[in-house]
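>>> fold the following and give me the result.
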Amino acid sequence: MTLVIAKIAHLPHPHIHELLLDPYLPVAPGCRTLFTVLNRVVMDLKARMRVLSDFQSQMIIVRKQLMGMVEDDERHKIEDNPIMNLPHIDLLEAVIVLEEFCKELAAIAFVKHHTSSSR
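Below you'll find the model as predicted:
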């Protein structure tokens, strides 16, 4: 889904750009934009992260594992590690996907801004 939204954000249409990339777009009460949805998701994730102890080290382990950067000796430690057996692994992976999606949207907005300002 994130790939589809990112591809749509690339389109050079001003309304699409506003709807997807402008956090200050005035909308009617109750109307959702990508910014409001992402903001709600981030607030929910922040609340859930407070419950996890040692969140940063868990994120590092999961990030390494997702990138395939886990060495064989680390792989043995991770299999024995209770962190990898927690039900929170889905939450940690979701945080990483959200981070990467936000980076991609920021890069699209950056390129679009510099392209339009150089004309």
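
>>> center of the protein - which residue?
What sits nearest the mean C-alpha location of the chain, by CA atoms, centre = their mean, is Leu98, with 1.4 Å.

>>> show me what contacts it?
Contact analysis of Leu98 by CB atoms under 8 Å, 6 or more residues apart in numbering lists 38, 41-42, 45. (Glycine included, C-beta is placed from N, CA and C.)

>>> and of those, the nearest to Glu104?
For those, the minimum distance to Glu104 (CB to CB) is 12.1 Å, reached by Leu38.

>>> what about the closest one, how many residues nearby?
When neighbours are defined as other CB atoms under 10 Å, Leu38 has 15 of them.

>>> now it: closest residue in space that isn't a chain neighbour?
Leaving aside its sequence neighbours, Leu38 sits nearest to Cys102 (CB to CB, 6 or more residues apart in numbering; 7.1 Å).

>>> and that neighbour, what element?
Per DSSP states H and E: Cys102 is located in helix 89-117.

>>> so where is this protein shaky, pLDDT-wise?
Where the chain drops to pLDDT under 70, the residues are 70-87, 118-119.
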